[in-house]
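Undergrad: model this:
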Amino acid sequence: MAEARCPASCGELIQGWILGGEKLISCPVNWFSTVSVTDGAPGCHERPRMRQMLRAVLAYFDQPADTACGLHIDFDSTIPVAKGLASSTADIAATALATARHLGETLEEATLAALCVSLEPTDSTLFRQLTLFDHQTAATQISYDWQPEVDILLLESPHILNTEDYHRRHRQTALLASAASLERAWQLFTQAAERHDNALLGQSTTLSAQASQHLLVKPDFPALLALVEELDLYGLNVAHSGSVVGLLLDRQLHDIEQIYWQLHQRNISQNYPRQHLLTMVPGGVR
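TA: Okay, here's the model as predicted:
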């Protein structure tokens, strides 16, 4: 048996019009999709695109197409689907590396990114380092040598949104209108990475989240901004093509119980009834 796992993403740290097109930097957190590939008949409980990715990897390594008929895929995932948590990227990236390992091969990150993008828009969680990524073409891959020590209180909405449906929307006008804000968000992110500064990181993510409101509105967004300000959290981030919001913080410095209480007092919990305290982790398929 060959196995691989890939982390979820709490939305994006930033996403928008950068360097002449839409780019993103994902926010890997400690939820995972784990995929195993073994010899055996295909099952009936595979996730969408897993089998498609298996076939793509077989083709990449010049294996006969009918090899797929003798390979079985199992998976275990803690990632909620259709919320903007990169569940599909985790599924297909882990499937790709598990398939390669089963063949006695491996995949470089750039190759893995190209394979994933050939199937669907892809999050940059498949890179070990935080990476500015063209999630539709894989043409841009700018990595940052910094792993923030940041906790995230992920606010989960019951609303679901299919990422492919989101990308079919006409968004270019709104993206271009927010290009200056995203340029600033990217500059702040670059400074944060250079200085290892969580406060600058929070400024960057919050600016990108504010721009995203013109594309996909998050309920109670002004109240969340006020909460970040009043409790002196680092900032917030959002799923730009999903429904979750993340509060960036340090569980050693910030009063988590006070945050929970404030979310309840301000009725924010009505729109985000499930809350998960997570940690940012390195990306990459393990």
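Undergrad: Tell me the buried residues in stretch 22-39?
TA: Buried residues in stretch 22-39, counting neighbours by 16 or more other C-beta atoms under 10 Å, are found at 22-29, 31-37. Yep, even glycine has a C-beta here, placed from its N, CA and C like the rest.
Undergrad: which among the residues you listed gets closest to residue 264?
TA: residue 29 (23.0 Å; C-beta to C-beta).
Undergrad: and the closest residue to the closest one other than its chain neighbours, what are its bridge partners?
TA: The spatial neighbour of residue 29 that comes closest, neighbours along the chain excluded (C-beta to C-beta, 6 or more residues apart in numbering), is residue 278 at 4.3 Å. Beta bridges link residue 278 to residue 152 when assigned by DSSP bridges.
Undergrad: Which pLDDT value goes with residue 278?
TA: Note on residue 278: pLDDT of 98.
Undergrad: how about it, what does it touch?
TA: 10, 29-31, 151-154 (C-beta atoms under 8 Å, 6 or more residues apart in numbering).
Undergrad: where exactly do the strands run in the stretch 151-286 of the chain?
TA: 151-156, 235-238, 245-249, 274-279 (DSSP state E, counting those that start in this stretch).
Undergrad: quick one, which of the ones you listed is nearest to residue 135?
TA: strand 235-238 (15.6 Å).
Undergrad: helices or strands up against that closest one?
TA: strand 2-18, helix 198-212, helix 221-230, strand 245-249 (3 or more C-beta pairs under 8 Å, 6 or more residues apart in numbering; DSSP states H and E).
Undergrad: can we see that at 10 Å?
TA: strand 2-18, strand 21-39, strand 151-156, helix 198-212, helix 221-230, strand 245-249 (3 or more C-beta pairs under 10 Å, 6 or more residues apart in numbering; DSSP states H and E).
Undergrad: Redo these as TSV? Include mean pLDDT.
TA: What follows is these, written out as TSV (pLDDT from 0 to 100):
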stretch	mean pLDDT
strand 2-18	98
strand 21-39	98
strand 151-156	98
helix 198-212	98
helix 221-230	98
strand 245-249	99
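Undergrad: Let me have those in TSV, adding distance to residue 76 as columns.
TA: Compiled in TSV, these are given as follows (distance: least, C-beta to C-beta, whole Å):
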stretch	distance to residue 76
strand 2-18	9
strand 21-39	5
strand 151-156	20
helix 198-212	30
helix 221-230	32
strand 245-249	24
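Undergrad: Next one, pLDDT for the closest residue to residue 47 other than its chain neighbours please.
TA: Closest residue to residue 47 in three dimensions, ignoring its sequence neighbours and counting by C-beta to C-beta, 6+ apart: residue 91, at 4.7 Å. For residue 91, the pLDDT comes out at 98.
Undergrad: the inter-axis angle of the strand or helix carrying residue 91 versus strand 2-18?
TA: Assigned by DSSP states H and E, residue 91 falls within helix 87-102. Orientation check (axes from the mean of the first three to the mean of the last three C-alpha atoms, to 10 degrees): helix 87-102 against strand 2-18 gives 140 degrees.
Undergrad: what's the offset of helix 87-102 from the middle of its chain?
TA: 15 Å (C-alpha atoms, centre = their mean, to the nearest Å).
Undergrad: quick one: it to strand 21-39, angle?
TA: Using the same axes, to 10 degrees: helix 87-102 against strand 21-39 is 50 degrees.
Undergrad: nearest to residue 202, of the buried residues of stretch 22-39?
TA: residue 27 (11.9 Å).
Undergrad: Would you confirm that that closest one contacts residue 242?
TA: No. Assessed by C-beta atoms under 10 Å, residue 27 is found out of contact with residue 242, at 11.7 Å.
Undergrad: okay, and the common contacts of these two?
TA: 9-12, 85-86 (C-beta atoms under 10 Å, 6 or more residues apart in numbering).
Undergrad: distance between the ends of stretch 122-134?
TA: Distance between the two ends of stretch 122-134: 8 Å, counting by C-alpha to C-alpha, to the nearest Å.
Undergrad: roughly how far apart are the spatially closest residue to residue 64 that is not a sequence neighbour and residue 117?
TA: What sits nearest to residue 64 in space, not counting adjacent residues and going by C-beta to C-beta, 6+ apart, is residue 58, at 7.6 Å. For residue 58, the distance to residue 117 equals 18 Å [C-beta to C-beta, to the nearest Å].
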